[in-house]
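Colleague: just to be clear, the model below is a prediction. Sequence and coordinates:
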Amino acid sequence: MMKQRYNTSFWIAFAIVIALLILAPLVLPEFWRRFLTEILIWGLLAMSSDILIGYTGMVSFGHSAFFGLGMYGAAAALLMVKPPNLWLAILYGLAGSAIIALFVAYFSTRLRDIYFAITTLIFSQIFYVIIFTWTEVTGGENGLSFRRPEFGIPGVWTAPFTSATLHWFVLAVVAASYLIVRRITQSPFGMVLQSIRENEARTRAIGYPVERYKMVAVMLSGLFAGLAGVLYAIQNRFAAPDFVYFLISGEAVIFNVMGGIGTLVGPFFGAAFFLAMREFLSRMFPYLASVLGIPQLAEFPYLVPLGIIFILMVIFLPQGLLGFAKRWLNR
Amino acid sequence: MTSHATSPAASSAPLVTVEDLHTFYGKSHILHGVSLTVGPGEVVGLLGRNGVGKSTTLKTIMGLVTPSQGKVVFEGKPVTGLPAHTIARMGIAYVPEDRRIFKLLTVMENLRTGLDRAGVTEARKQELLAKLFEYFPRLAERRNQAGGTLSGGEQQMLAIGRAMMLEPKIILLDEPTEGLMPRMVGQIRQIVDVLHREGVAILLVEQNVPLTLEASQRIYFMEKGAVRHHAKSSELTVNDPVIHQYLGV
Amino acid sequence: MLAGIPWEIIAIQTVNGIVTGMILALVASGLTLIFGIMDVVNFAHGELFMLGAYIGVIVLGTSGSFWIALVVSTLVVALLGAAMQISTLRPLLGRDPLTTILATFGLSLVLQNYALWQFGPVARKIQEPITGHFQLFYLDYPWYRLVIAGLSAAIIAALYLFLKYGRYGVWIRATTQDRVMAQAMGIPVPWVHTMVFAIGAGMAAASGVLFGPLVGVNHAMGLDWVLKAFIVVVVGGMGNLGGSILAAIFISLLEAYASIWVSPAQAIIVSSVVLVLTLLFRPTGLFVPTPK
């Protein structure tokens, strides 16, 4: 085994980025602060999807289920236990997504490629239907709303989140998650996953219990996706079935691909790029409409040009925005 | 089957020229600079041990594999990198090593994949079929049977017959006698002769040395991905040291 | 009565199930054809269905004839499908299958949102060409529903005949079996792929127009159908035309019977259960003989 060189340049870059993100809420207006926090949360979701796509070679459209259940799990904790407890919310959310992940993992890991993708898609739609129609428990179409919990240890010391402290909390959770996942992908376990991605048959032939590795990968992926759901619930104080719809999974995959699969950091850039483009386009069309005098143009959906950009990237830039740095990032 | 039946040996302009082909499968460097020519109506043999790159050479000529370097020229026109279906329509036909007939299509449907081309009248199609069935009466009997139900020898006949339906100027034959009974080998030998008489050139890859010596006018010997030796078959005998050297028999 | 349900209701649901099943079969056939021949999972199939319905609305509005709308819509969407395939899928040939899923997913987003902007969120209506009902037990059952089932069956039958006897049908079947040898035989495989995609798209559009009068035509109508169609394609055996048709009818019947007890939205759970069971026990497809 080659001894891994300590990748100094990476850590310097990482430290710089974290420092900037810590400073951000102090200098940015509220809207952009929330925007940045959202990027972190969606980035976390996309990163969880990268564990499967980029490292194990399994395309999953099921992340909306994990995300959604993390969200509803947190909602359950925040609604059922008074006073609302942050840690309990996280626990419930992770438990919820873990159970779903186990279910999905058991059924899907026996399937290859396309069948796996379609099955995860269908599973996530099943959960959507359940959540949408089980109105008594999940609030149905309208979802659930709740109060944001306070930060701290209940009974010892708590303080409500401010805009800045919430951002820092999310940043801490996301950064920690990234580092944990990065460590895992560089571990022997992670190496086996990558070997599965490159040549599943050969990995199996060598003697690795491929199904078990896949199941663990799905569980990991599901847990971090659920964590993203919990963070989203805390940030926005509501849970809605829209977030369990498979389009959310699709967006996670898009962020992933745009940013660069197999990089773990790429998904964050993909999320940032996508969300920034969304903001830009949503403002550009109304502006163009007034300038050109074409009122219908104001409503032009941002997803049309953004979708086209995505397709073009799939064809011409399949390695994503950060793909060129893949090896450097993984050292 | 072509309308021009020419005498092979004296033609100056080669039908197919292969120049310095290098081909890779992934990272494996299979062809290390293959060069050969086939004249119009000539039967040329390509001999060598297993794995030496003979099939890859045929596939590269056919456009099924793109070389990283080198040229293939057909009738004076460069065809390197053209898609296989264009090359087939230009007049090169391919009979692969494992026959690869369309197992779920009937014999007739298999033949139709070659017959259904632009510029072929219905009358001509019937002519071609009639002629083919003369040479291969067994195919006529089984014309509505699925290809997969045919015996090995019949499938080989179908594979060759299918290629003949393209009215090609050259047929690339990859180990046609492999796995066939001696009687069938004799039949293949006859087909090669018939094609030669009709003026169709053949590039014949084979393990069967005597057959190749009899049927071809010239022989190339390949080793480790390149052509190493070239001789007129009239100058060679079955026990020639050259044969031993390149085929390790 | 059977298990407390009157026979009439069971019979009516059977008819409903077959009608929906035939439309689903039409949509799914296109999908399975595309997958069988090109190994492409066409996420945008539901949007082709939806666009077919919208074009049907437009042509019906200008021409006044449902049948002209049906034909024009099928042709237009077939051409659109060919354009989609040439521009986005051909460059991806030979790459990771993930890329085609992503590209078609991107296309579905673009088409859906474009339709939302172009046509607005309010559902449009297609007037059925044949009004009138007949007595099916205690219900006034619309003739049109039977027409849909019949037409869908006819279109599928036409596809089958084309594949079996048509000149390009042989090309398509040869390409499905052995793409490489088909090329070596002079069959222009890239164009065969385009043709197949166009046929699949056209069939989706036809289903959209046929189904239009039954529900409102709106930009999101493709989503439910594409999911059901995927279930059908997997249960029927991917690439297996006959299997898809049987699976479509089977699943639609199950859902029709299930909707006696649960709401239609929850009936999708029924199909999903079937999918799960199929994947566990007969992954090559329910109606495909297990490979020996």
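Modeller: Thanks, I have it.

Colleague: now chain A, which segments are flagged as low pLDDT?
Modeller: A:1-6, A:331 (pLDDT under 70).

Colleague: same question but for chain C, I mixed them up
Modeller: Where chain C drops to pLDDT under 70, the residues are C:1-3, C:283, C:287-292.

Colleague: quick check: residues of it near chain A?
Modeller: Contact residues (Cβ under 8 Å from any Cβ of the partner chain) of chain C with chain A: C:41, C:88, C:91-92, C:95, C:97-99, C:101-103, C:105-107, C:109-110, C:113-114, C:116-117, C:227, C:230-231, C:234, C:238, C:263, C:265-266, C:268-269, C:272, C:275-276, C:279-280, C:283. (C-beta placed from N, C-alpha, C; glycine too.)

Colleague: which stretches of chain C form helices?
Modeller: Applying DSSP state H to chain C gives helices spanning C:7-38, C:45-63, C:66-84, C:97-119, C:143-165, C:167-177, C:179-184, C:189-211, C:221-236, C:241-258, C:264-281.

Colleague: if we can go back for a sec, of the residues of chain C next to chain A, grab the buried ones for PyMOL.
Modeller: Selection of buried members from the residues of chain C next to chain A for PyMOL, criterion 16 or more other Cβ atoms under 10 Å in any protein chain shown:
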select buried, chain C and resi 41+88+92+98+99+101+102+103+105+106+107+109+110+113+114+116+117+227+230+231+234+238+266+268+269+272+275+276+279+283
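
Colleague: between the helices of chain C, which one is nearest to chain B?
Modeller: Of all the helices of chain C, helix C:179-184 sits nearest to chain B, with 3.9 Å by Cβ to the nearest Cβ.

Colleague: now for the closest one, which elements pack on it?
Modeller: In this structure, helix C:179-184 packs against helix B:84-90, helix C:167-177, helix C:189-211, with contacts taken as 3 or more Cβ pairs under 8 Å, 6 or more residues apart in numbering or on different chains; DSSP states H and E.

Colleague: right, and the ones you listed - which one's nearest A:M47?
Modeller: For these, distance to A:M47 was read as Cβ to Cβ. The smallest value, 34.2 Å, belongs to helix C:189-211.

Colleague: flag every buried residue along that closest one.
Modeller: Under the neighbour-count criterion of 16+ other Cβ under 10 Å, helix C:189-211 has C:189, C:192-211 buried.

Colleague: that helix vs chain B: in contact?
Modeller: Yes. Applying Cβ under 8 Å from any Cβ, one finds that helix C:189-211 is in contact with chain B at C:189-190.

Colleague: identify the residues contacting A:P286.
Modeller: The contact partners of A:P286, by Cβ atoms under 8 Å, 6 or more residues apart in numbering or on different chains, come to A:297-298.

Colleague: mind checking the SS state of it?
Modeller: On the three-state scheme (DSSP: H, G, I helix; E, B strand; the rest coil), A:P286 is labelled helix.

Colleague: right, and C:N113 touches A:P305 too?
Modeller: No. Look at C:N113 against A:P305 with Cβ atoms under 8 Å: they stay out of range, at 9.8 Å.

Colleague: contacts only, for the closest residue to C:Q177 other than its chain neighbours.
Modeller: Nearest non-adjacent residue to C:Q177, counting by Cβ to Cβ, 6 or more residues apart in numbering or on different chains: B:F102, 5.1 Å away. The neighbours of B:F102, taking Cβ under 8 Å, 6+ apart as the test, are B:109-110, B:113, B:147, C:173-174, C:177-178, C:181-182.

Colleague: tell me the spacing between B:F102 and B:A146.
Modeller: B:F102 sits 9 Å away from B:A146, going by Cβ to Cβ, to the nearest Å.

Colleague: next, the buried residues of stretch A:108-125.
Modeller: Buried residues in stretch A:108-125, counted by 16+ other Cβ under 10 Å: A:108-111, A:113-125.

Colleague: hmm, I typed the wrong one, I wanted stretch A:160-173.
Modeller: Across stretch A:160-173, burial judged by 16+ other Cβ under 10 Å covers A:161, A:166-171, A:173.

Colleague: out of the helices of chain C, which is closest to B:S35?
Modeller: For B:S35, the closest of these is helix C:179-184, at 22.9 Å, according to Cβ to Cβ.

Colleague: got the buried residues for that closest one?
Modeller: By neighbour count with 16+ other Cβ under 10 Å, helix C:179-184 contains the buried residues C:179-184.

Colleague: try stretch C:233-248
Modeller: Neighbour counts over stretch C:233-248 (16+ other Cβ under 10 Å) mark C:233-241, C:243-248 as buried.

Colleague: again, but for stretch B:171-179
Modeller: For stretch B:171-179, using 16+ other Cβ under 10 Å, the buried residues are B:171-178.

Colleague: list just the nearest of these to chain C.
Modeller: Proximity of these to chain C (Cβ to the nearest Cβ) peaks at B:L172, which lies at 9.2 Å.

Colleague: just checking: what are the partner strands of the helix or strand encompassing that closest one?
Modeller: Per DSSP states H and E, B:L172 falls inside strand B:170-174. Strand B:170-174 has these partner strands in its sheet, going by DSSP bridges: strand B:92-95 (parallel), strand B:201-205 (parallel).

Colleague: C-terminal to that strand, what's the next element?
Modeller: The helix or strand immediately downstream of strand B:170-174 is helix B:182-197, counting by DSSP H and E.

Colleague: now for that following helix, which elements pack on it?
Modeller: When contacts are defined as 3+ Cβ pairs under 8 Å, 6+ apart, helix B:182-197 packs onto helix B:152-164, strand B:201-205, helix B:209-215.

Colleague: quick one, that helix and helix B:152-164 angle?
Modeller: 10 degrees (axes from the mean of the first three to the mean of the last three Cα atoms, to 10 degrees).

Colleague: list the buried residues in helix B:182-197.
Modeller: B:184-185, B:187-189, B:191-192, B:195-196.

Colleague: got the residue ranges for the helices in chain B?
Modeller: Counting by DSSP H, the helices of chain B are B:54-62, B:84-90, B:107-115, B:122-135, B:137-141, B:152-164, B:182-197, B:209-215, B:241-247.

Colleague: any idea which of the ones you listed gets closest to A:S290?
Modeller: The closest of these to A:S290 is helix B:84-90. By Cβ to Cβ, the value is 52.8 Å.

Colleague: and the closest one, what's its mean pLDDT?
Modeller: The predicted model gives helix B:84-90 an average pLDDT of 93.

Colleague: that one and chain C in contact?
Modeller: Yes. Residues of helix B:84-90 are located near chain C by Cβ under 8 Å from any Cβ, namely B:84-85, B:88-89.

Colleague: closest to chain A among the contacts of B:F102?
Modeller: C:Q177 (19.7 Å).

Colleague: any idea how far the residue sitting furthest away from the middle of chain B is from A:V244?
Modeller: Within chain B, the residue lying farthest from the chain centre (Cα atoms, centre = their mean) is B:K27, at 27.1 Å. Distance of B:K27 to A:V244, computed by Cβ to Cβ: 45 Å.
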